[in-house]
Each structure stands twice: as C-alpha cells, then as structure tokens.
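Q: Structure for this input, please:
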Amino acid sequence: MDLRIGSRIIELRKKKGMTQEQLAVALGVSAPAVSKWETDSSYPDITLLCPLARALGTDVDALLDFEEDLPGEDLGRYMAEVMGLVRAGQPQEAERQLNRLLHAYPSSIPLKFSATAVLAMFEQNVPDHTQEDTDRWGHLKKELVQAIYDDGNPDYHMAAMSMLVSLALAENDLEKAEELLKKTLTRTADFTMHWMQFYVKKGEQDKALETVQKKLYALIGEVRTCLLCMMGESLPLDMDRKLEICGVFQKVEELFGVGGGMGAGALAEVYLKAGRKEICLEYLEQLVDRLVEGLAMPNPLLFAPVFGPDNLRQNPTVSREMLLAILQGLEEDACFAKMRGEERFQGLVRRLKDYQESDFDRT
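A: Numbers count the residues shown, from 1 in each chain. Predicted coordinates:
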C-alpha cells in the first residue's frame, strides 16, 4: 500500500469535475488542507478516509491504490528472490521477506499457494535448521493451505484439499483426513493415493488394495473408450492409423482383460472396412467365443481379488438382449453382406443361433 495518495486524490477529484474548494466543503475541511493532501505534504485523518472515498466516487482500497494480488510476473520474481536468499544461506531474511509479502497482500491466493511451495523447500535447502524452524514453517504452511481451501478459489481449491489430506495423514489425524476425503467423492480430481494411504494408516490393507484396483479398472475402461472412439468413423483419422490403433487396443485388451473380450467386435468392424476380411473373421470368431463361453476375466495379477470370479457382481455372460442384437447385426447389417456367403461366417452365425436357442442359464 502506497500512502502517498496525493496523485490519486487529484486524479479522482478531476474525474469527478470537482475543485479543491468543493471537495473541502464536502468533507468539512479547508481548501489548504486538500492542497496539502494532493502534494503529499500531509495525509487525511483516518476518520476522513471513508468520507473522502465516497466524495471521490470510489472506495478506500482504490483510494489508497491497494492491490489485492501481485501481478504474475512480480509474484514469480519475488518468489525467486526468496529462494535465492535461502540458497545463499540467508534463510532468516528469506523468511522475513516472505512474511512481508504475505502481510502486504493478505488476500492473494496465488501468493499463498506459491508460498506453500517455497516453505516446502526451506527444509530441503537449509541444512542446519532446527526442529523449531521445522515446526514454524510447517505451522505457517498449514495456515496458508487452510486459507486457500477456505477461500474456495476453483483454480486452487482441489490442490489445497489434497495438501490438507496429506498433512492430516502425516499427523495421523485420520478423522480429519476421512472428513476431507469424503468431500472428494463428487469431485473430478483424483484422490486415489490419499484414500489408499488413509486405509493403510487404519490398518485396512485389503480396503487400500480394493481402492487402487477399482481406480485402475475404471481408468482402463476409459482408455478403451477413447481408443474405440479413435477407431470409429467420427474422428478424421485415415485407415492405416486406425489399424495401428486397433493393435494398441488389442494389446490393452490382452494385458488388462478389461471389457471381457467384447472389444473383438469393434476390431472386426474396423478390419472389415479396411477390406481385411480374414482378420475380420478371426475377431468375429473371438467375439462368438466370448458370447458362448462367457466373458474373459480381468487380469488376476492386477485385479484379483476385487474383480476375481468370486467378487464380480455382474454375470460373466452377456445378456440375452445383447446376444440377440449381435446376432441380428450379423444377419442383417449391410456391412456384412459380402461375407454372408462364406462358410466361416455362416458357421459362426450358426453357432450363435444354436447357443441362443439352447436352454442356457443367464441368471
């Protein structure tokens, strides 16, 4: 805050079209008093700041030229200066400068966020620090993180939540960690690592493993969806590139086993459009295997026991409705018209029909 406000009073007074005398009358002071303010020879009494701001059509912050945030370039420069002092062996001066900035800009969330990162580096870069230093830096960092979180700024809120959870876990405050983690359930940010650490701290290693496996399963499902979109017709990729993506998709299927092997149908469609009928038939046969014999299980190395045979909630076979839809597509879709005369294609259709007509259990 710059207390030399004379130029601001002149600027705002002229903007309002007021003379020194008119401003003086509005405030109940003399014209020479206003003149002294404008030349920075003296300052308005603190009790006059609000009336002066109102008379000039502004607020006290603007009158005093108060800046809520540091400009980005200044923030980066100041943080670099603080760290420079630390590396130069002047941690006390670095800490004083950091605190001066925090007091000068008490509402600046970017400054608070940058300060937490700088404080985390103090301990690493000050070899002879004491436990008192560690406690003081940690206390300030926790205060700053809490202030960032409480402010609710969407650009920093989730990062602050993550730091608060980490601090609570480090302090073995599991109640606080759980309270915060429950607030993340409706968020898009990923707190899997925090949940895992929370359950490990509670001695619930099975729950920690379940958390990681469920997240991995969901992520691989998203990867499959993205690859399927890239293999489809909506995106402007040439056929050669789509066929390469098919190879990536197949490796993901083989490695993780997510999707039960049903991706073979999508691969068959791409190879058919590329004129590769033999490969298309191979994938269609794989698809029929999965429909008749049951879905492939997820890779047990990665997903057991959570997604093992004993714990899968869904039936490992496809629904009757899906089976009928696939069979109808093979028999009626125009894309398969040129293949219906081939014995291999007719054989897999017959196999599906026989299975569909049999008295199989889908409960």
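
Q: What residues sit buried inside stretch 283-299?
A: 283-288, 290-292, 295-299 (16 or more other C-beta atoms under 10 Å). The way it works is simple: take the backbone N, C-alpha and C, and place the C-beta from them, glycine included.

Q: Sort out which one of the residues you listed lies nearest residue 237 for me.
A: residue 283 (19.2 Å; C-beta to C-beta).

Q: Now do the contacts for the closest one.
A: 264, 265, 267, 268, 271 (C-beta atoms under 8 Å, 6 or more residues apart in numbering).

Q: which ones among these are found in helices?
A: Using DSSP state H, 264, 265, 267, 268, 271 are the members of the contacts of residue 283 that sit in helices.

Q: mind putting the contacts of residue 283 in CSV, distance to residue 146 included?
A: Shown next, in CSV, are these (distance: C-beta to C-beta, whole Å):
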residue, distance to residue 146
264, 52
265, 52
267, 51
268, 55
271, 56
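
Q: want to throw these into CSV with neighbour count, pLDDT and distance to residue 252?
A: Below are those laid out as CSV (neighbours: other C-beta atoms under 10 Å; pLDDT from 0 to 100; distance: C-beta to C-beta, whole Å):
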residue, neighbour count, pLDDT, distance to residue 252
264, 24, 93, 13
265, 18, 92, 15
267, 25, 94, 11
268, 25, 93, 17
271, 22, 94, 17
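
Q: was I right about residue 257 contacting residue 290?
A: No: with contacts counted by C-beta atoms under 8 Å, residue 257 stays clear of residue 290, the gap being 11.5 Å.

Q: tell me, what's touching these two both at once?
A: Counting by C-beta under 8 Å, 6+ apart, the residues touching both residue 257 and residue 290 are residue 296.

Q: hmm, who's touching the helix or strand encompassing residue 326?
A: Using DSSP states H and E, residue 326 sits in helix 320-332. If you take C-beta under 8 Å, 6+ apart as the criterion, helix 320-332 is touched by 265, 284, 287, 291, 336, 340, 345, 348-349, 352-353, 355-356, 362.

Q: I'd like to know the average pLDDT value across it.
A: Averaged across helix 320-332, pLDDT comes to 86.

Q: Which positions in it come out as buried?
A: Quick answer for helix 320-332 (16+ other C-beta under 10 Å): 323, 326, 327, 330.

Q: What's the first helix or strand after the helix or strand of the chain with the lowest mean pLDDT?
A: Here the helix or strand of the chain ranked lowest by mean pLDDT, DSSP states H and E is helix 60-63, holding a mean of 74. Going down the chain from helix 60-63, the next helix or strand is helix 72-87, by DSSP H and E.

Q: What helices and strands are in contact with that next one?
A: Packed against helix 72-87 by the contact rule (3 or more C-beta pairs under 8 Å, 6 or more residues apart in numbering; DSSP states H and E) you find helix 91-104, helix 109-125.

Q: among the contacts of helix 320-332, which two are most distant?
A: Largest pairwise distance in the contacts of helix 320-332, by C-beta to C-beta, is 27.5 Å, between 340 and 362.

Q: Among the contacts of residue 283, which one lies nearest to residue 137?
A: Looking across these and measuring by C-beta to C-beta, the closest to residue 137 is residue 267, at 55.5 Å.

Q: average pLDDT for stretch 182-191?
A: pLDDT averaged over stretch 182-191 gives 78.

Q: go on, stretch 114-134?
A: Here the average pLDDT along stretch 114-134 is 88.

Q: That one: which residues count as buried?
A: For stretch 114-134, using 16+ other C-beta under 10 Å, the buried residues are 114, 115, 116, 118, 119, 122, 126, 133.

Q: Now the residues you listed in CSV, please, with extra columns for distance to residue 206.
A: Formatted as CSV, the buried residues of stretch 114-134 follow (distance: C-beta to C-beta, whole Å):
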residue, distance to residue 206
114, 40
115, 39
116, 34
118, 39
119, 36
122, 39
126, 41
133, 40
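
Q: and of those, the nearest to residue 50?
A: Out of these, the member with the shortest distance to residue 50 (by C-beta to C-beta) is residue 115, at 31.4 Å.

Q: any residues touching stretch 139-157, and which ones?
A: Under C-beta under 8 Å, 6+ apart, the answer for stretch 139-157 is 102, 109-110, 112-113, 115-116, 119-120, 159-161, 163-164, 167.

Q: Could I have the PyMOL command that selects the buried members from those residues?
A: Buried subset of the contacts of stretch 139-157, written as a PyMOL selection, criterion 16+ other C-beta under 10 Å:
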select buried, resi 102+109+110+112+113+115+116+119+159+160+161+163+164+167
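
Q: Give me the lowest-pLDDT entry from the contacts of helix 320-332.
A: Lowest confidence among the contacts of helix 320-332: residue 362, with 47.

Q: Dump the buried residues of helix 320-332 to CSV, plus distance to residue 240.
A: Shown next, in CSV, are these (distance: C-beta to C-beta, whole Å):
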residue, distance to residue 240
323, 33
326, 28
327, 31
330, 27
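
Q: Name the nearest of the residues you listed relative to residue 75.
A: After measuring the buried residues of helix 320-332 against residue 75 - C-beta to C-beta - the closest member comes out as residue 326, at 58.5 Å.

Q: nearest residue to residue 48 other than its sequence neighbours?
A: Leaving aside its sequence neighbours, residue 48 sits nearest to residue 27 (C-beta to C-beta, 6 or more residues apart in numbering; 6.1 Å).
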